[in-house]
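*Asks:* Take a look and give me a structure for this.
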Amino acid sequence: MTAQALPSPVPARHSRRRELLDLLASMRFAIALLTVICIASAIGTVVKQGEPMVNYVDQFGPFWAEAFGALGLYRIYSSAWFLVILAFLVISTSLCIARNTPKILADWRTHKEGIRERALQAFHHKAAGQLAEPANVVEGKVLQTLQAQGWSIKTQQRDASKQGEAGVMIAARLGKANKVGYIAAHTAIVLVCLGGLFDGDLVVKVQAWAQDLQPFRGGTELANSRLSERNPAYRAQLFVSEGQRTNASVIHLEQGMLVQPLPFEIELKKFVVEYYETGMPKRFASDIVIHDPREKVAKPFTIEVNHPVVYDGVTIFQSSFEDGGSLVKLRPLYLDRAGGRSGPEVLDATVGGSVAALPADWLAQGASPLQLEVTGLRVINVENLADAQSAAPAAAATDVRGVNLSDLSKHLGSGARPGGNKQLVNIGPSVTYKLRDAAGQAREYQNFMVPVELDGYRMFLLGVRDTPAESYRYLRVPADEAMSLQGWLRLRQALNDKVLRDEAARRFGEASGPVDRAEVREQLTVSAQRSLDLFAGAVALETAAGQPASDVPNGGLMALSRFIEQVVPPAQREQTSGTLIRILNGALFELYNLSRTKAGLPAQSIDDPAVQAFMSRAVLSLSDAMLYPVPVVFMLDSFEQRQASVFQVTRTPGRNVVYLGCVLLIIGVFAMLYIRDRRLWVWLQQDAGGGTRVQMALSSTRQTLDTDREFDRLRQTVLGEAPNDLTAPTAKES
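*Replies:* Now for the predicted structure:
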């Protein structure tokens, strides 16, 4: 009895290392990583990247905004977990290439001519036959035929032995480039991932960590927040106003911004916008001059959307445009009373700047001082007025720098022309400003310079909103016969004058009552005076139980409604409200003529349709004006526009690596999908009668109808057999 040596156990550490390598190099692991990357990329496409945090809070709410931010969903492509997944994908794919490339190259060089003749019977495509020609003649014909069709051929002469009989094995191969597809496709994945890692924020983050740079969030640049001009890869934003030049671009990170200086300065000569007849923009262009200290002469360029400029390895894109500090003149209009204000009639301001606190007598009595901040100037505002003539105006006029996706569903589905026609109208310039109190709270206002035609009548739009997340609420003010605000404004100021209200009520009573009945005229005068006082907010009314007083306007049509509900029985309210509205309209018309007489203008007749249209809209506007938060409106008097361009400046050396990866990916995919690797074996054996016994077999990476046809053609050529019905001539493959 002999002892048999048992195999030595493999060390556990070596076994775990091998299992880890097998996991990293496995196809299932790579597919799982690709799936996660695809899901993350889909999220990055849906969720806007790099937006201010307040935008995400408005969209998702405080809880989910913070949760999504902790997951890095607002900067997916530069988040740590995404970069780690990309790194593991590179490692996994590289291991696959390293493990399989030697096998592929070895298989590339061999024709497998050593296969045994008996093994040919195991293939799906196989044939056998007897030819009268001797073996050497048949061999020559077969070699000539295969060479003409582009097959790579090797032959093996065999002598009789225990393994088999004597004969000639012809091994041919066609389409071996299919094996190149595997290497090319996997190499492409590695190159694309490496190029993406190198051109992303990874290089910048490594530099910031190595040099201990401190990002800043705004205001003054920190001393240690500046990267090197020789930074090999970055993607930054550069803001340049007309007539200015700079080389300081900024890179936005989660913690703030880093300054990326350019090796040259960019001067913006002029920003050009060309428009269609409808007012929509059709071309954005920036005329720039590059000042390079290494060059003696400055070089001019023109940058357009989708037409960047490449200089010294830096690509300059037209990203957006902003206001570059336009000069505006604002005229304050007072809603409560005329005159009696200190300060200039016109304020000079700069977009992006602030004006000192407004004088106390400009505001309501006892109000805290407010600071005026001009935030925006839009010279072109394009609005679709086809479906909004009778509705409230849109949240804001269309900003030509953005894309409105809220009505995307209207463009989906059938290609038939949708119902209704668009009426795109340029409604003129507008100014946006904020009034900020001492506590830092601010309301935002948007006023249009010229009246807009709505429902066939010209109306001034005065917008206000409490927070940026809200839409603008517009006060519609009718334009007078001179297309100005003065007619409505005089009526609004006269409504706040007790003496003028009483005189208007007296005139209404005298004009409406019978001449011979003084008591009726007196009663009408009292009713008109009461309705004017209620409409002007001069009478304090009790609010409903549980309703805050701040939510109820003290004046306007709501005040008349509350008065009727408090003093008139329910059965008589409808009749009383109609009578009171007629009295109010008549008294307001008398008040309107009083305001015109005071301004030195002739009185107007109520029979004039234009006057009737003005008064009907003025009554509604005066009622809505009770909700306007401040007693002063700043209208755009004139402006001097100064534009600024926002450029995206990038240095992306990994771009060429990505391009190479894309080319390899195309080659690899086409090689694997459209090139079939086929192997053909033909066994020739001399028989006793001087003829030749022939056996042949064909193998292919994919069993298709083309493979069946090709084997039928080869069988017909070699053995002389009739082809199957599927046989048809096809183009030669290589």
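*Asks:* mind giving me the domain split of this structure?
*Replies:* Split into domains by automatic domain parsing, the chain comes to 18-106, 111-176+675-719, 199-324+644-660, 327-359+368-399+422-479+636-641, 490-604.
*Asks:* Lowest average confidence across the ones you listed, which one?
*Replies:* When these are compared by mean pLDDT, domain 327-359+368-399+422-479+636-641 comes last with a mean of 80.
*Asks:* Do me a favour and get the end-to-end distance for it?
*Replies:* Separation of the first and last residues of domain 327-359+368-399+422-479+636-641 by CA to CA, to the nearest Å is 6 Å.
*Asks:* tell me how far that domain is from the chain's mean position?
*Replies:* On the basis of CA atoms, centre = their mean, to the nearest Å, domain 327-359+368-399+422-479+636-641 sits 27 Å off its chain's mean C-alpha point.
*Asks:* and if you look at stretch 188-201?
*Replies:* 23 Å.
*Asks:* How about residue 644: what's its closest non-neighbour residue?
*Replies:* residue 324 (3.2 Å; CB to CB, 6 or more residues apart in numbering). Quick note: C-beta positions are derived from backbone N, CA and C, even for glycine.
*Asks:* okay if I get the domains of the chain as a markdown table plus mean neighbour count and distance to residue 617?
*Replies:* A markdown table is the format used below for the domains of the chain (neighbours: other CB atoms under 10 Å; distance: least, CB to CB, whole Å):
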| stretch | mean neighbour count | distance to residue 617 |
| --- | --- | --- |
| domain 18-106 | 14 | 34 |
| domain 111-176+675-719 | 17 | 76 |
| domain 199-324+644-660 | 16 | 26 |
| domain 327-359+368-399+422-479+636-641 | 17 | 4 |
| domain 490-604 | 17 | 11 |
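*Asks:* Looking at the ones you listed, which is nearest to residue 185?
*Replies:* Within those, the stretch nearest residue 185 is domain 18-106; the backing value is 9.6 Å (CB to CB).
*Asks:* Ends of the closest one, what's the gap?
*Replies:* End to end - CA to CA - domain 18-106 spans 24 Å.
*Asks:* now the strands: where do they sit in the stretch 101-250 of the chain?
*Replies:* 125-131, 152-158, 167-174, 234-241, 245-252 (DSSP state E, counting those that start in this stretch).
*Asks:* Then the stretch 351-500 of the chain?
*Replies:* 354-357, 371-378, 382-384, 424-426, 430-436, 442-448, 452-454, 457-465, 473-478.
*Asks:* so which of the ones you listed gets nearest residue 195?
*Replies:* strand 371-378 (39.1 Å).
*Asks:* what residues are up against residue 92?
*Replies:* 24, 25, 26, 29, 30, 33 (CB atoms under 8 Å, 6 or more residues apart in numbering).
*Asks:* related to what we said a few turns ago, closest to residue 527 out of the strands of the stretch 101-250 of the chain?
*Replies:* Of the strands of the stretch 101-250 of the chain, nearest to residue 527 by CB to CB is strand 234-241, at 60.5 Å.
*Asks:* May I have that closest one exported as PDB, CA atoms only?
*Replies:* What follows is strand 234-241 as a C-alpha-only set of coordinates in PDB (Å, rounded to 0.1, in the frame of the first residue of the first chain):
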ATOM      1  CA  TYR A 234     -10.700  73.200 -16.000                       C
ATOM      2  CA  ARG A 235     -14.200  74.400 -16.900                       C
ATOM      3  CA  ALA A 236     -14.900  78.000 -15.700                       C
ATOM      4  CA  GLN A 237     -17.200  80.900 -16.300                       C
ATOM      5  CA  LEU A 238     -15.900  84.400 -17.300                       C
ATOM      6  CA  PHE A 239     -18.100  87.500 -17.000                       C
ATOM      7  CA  VAL A 240     -17.100  90.500 -19.100                       C
ATOM      8  CA  SER A 241     -19.000  93.800 -19.600                       C
END
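*Asks:* So which elements touch it?
*Replies:* strand 245-252, strand 257-275, strand 314-323, strand 643-651 (3 or more CB pairs under 8 Å, 6 or more residues apart in numbering; DSSP states H and E).
*Asks:* Quick one: residues in contact with stretch 149-159.
*Replies:* 111, 113-114, 139, 143, 146-147, 164-174, 176, 680, 732-734.
*Asks:* quick one, strands of the stretch 551-700 of the chain?
*Replies:* 632-640, 643-651, 678-686, 692-700.
*Asks:* partners of the third one, with directions?
*Replies:* Which is strand 678-686. strand 167-174 (antiparallel), strand 692-700 (antiparallel) (DSSP bridges).
*Asks:* same question, the first one
*Replies:* With DSSP bridges as the test, strand 632-640 is paired with strand 327-334 (antiparallel).
*Asks:* Any chance you could list what contacts the strand it pairs with?
*Replies:* Taking CB under 8 Å, 6+ apart as the rule, strand 327-334 contacts 341, 345-351, 362, 372, 374, 377, 431, 433, 485, 489, 493, 631-640, 642.
*Asks:* after it comes which helix or strand?
*Replies:* strand 347-350 (DSSP states H and E).
*Asks:* and that following strand, what does it pack onto?
*Replies:* Counting contacts by 3+ CB pairs under 8 Å, 6+ apart, strand 347-350 is packed against strand 327-334, strand 371-378.
*Asks:* by how many degrees do the first one and strand 430-436 diverge?
*Replies:* Between strand 327-334 and strand 430-436, the angle formed by their directions is 70 degrees, by axes from the mean of the first three to the mean of the last three CA atoms, to 10 degrees.
*Asks:* on that earlier part again, contacting residues around the residue nearest to residue 644?
*Replies:* So residue 324 contacts 241, 242, 244, 642, 643, 644 (CB under 8 Å, 6+ apart).
*Asks:* for these, which one is nearest residue 60?
*Replies:* residue 644 (31.2 Å).
*Asks:* Verify the stated contact: the closest one with residue 238.
*Replies:* No. Taking contacts as CB atoms under 8 Å, residue 644 lies outside contact range of residue 238: 10.4 Å.
*Asks:* doesn't residue 691 make contact with residue 133?
*Replies:* Yes. Between residue 133 and residue 691 there is a contact under CB under 8 Å: 7.1 Å.
*Asks:* Chain neighbours aside, what residue packs nearest to residue 231?
*Replies:* Among residues not flanking residue 231 along the chain, residue 260 sits closest, at 6.3 Å (CB to CB, 6+ apart).
*Asks:* again with residue 667
*Replies:* Going by CB to CB, 6+ apart, residue 667 has residue 184 as its nearest residue, at 4.8 Å.
*Asks:* so that neighbour makes contact with residue 671?
*Replies:* Yes. Look at residue 184 against residue 671 with CB under 8 Å: they come within range, at 6.6 Å.
*Asks:* ok now stretch 28-41, how far from the chain's centre?
*Replies:* With CA atoms, centre = their mean, you get 24 Å for stretch 28-41.
*Asks:* can you check stretch 699-716 too?
*Replies:* That offset, for stretch 699-716, works out to 51 Å (CA atoms, centre = their mean).
*Asks:* go on, stretch 76-83?
*Replies:* 20 Å.
*Asks:* what does it rub up against?
*Replies:* 37, 40-41, 43-44, 47, 49, 71-72, 196-197, 200-202, 205.
*Asks:* cool, and stretch 181-188?
*Replies:* Contacts for stretch 181-188 (CB under 8 Å, 6+ apart): 93, 96-97, 100-101, 104, 661-665, 667-673, 675.
*Asks:* For the residue nearest to residue 562 when sequence neighbours are not counted, give me its contacts.
*Replies:* With sequence-adjacent residues excluded and distances taken as CB to CB, 6+ apart, residue 562 is closest to residue 541, at 5.1 Å. Residue 541 is in contact with 534, 554, 559, 562, 563, 566, counting by CB under 8 Å, 6+ apart.
*Asks:* residues making contact with the helix or strand where the first one lies?
*Replies:* Following DSSP H and E, one finds residue 534 within helix 518-536. With CB under 8 Å, 6+ apart as the test, helix 518-536 has contacts from 495-496, 501-502, 504-506, 508-510, 512-514, 539, 541, 555-557, 559-560, 563, 580, 583-584, 586-588, 591, 622-623.
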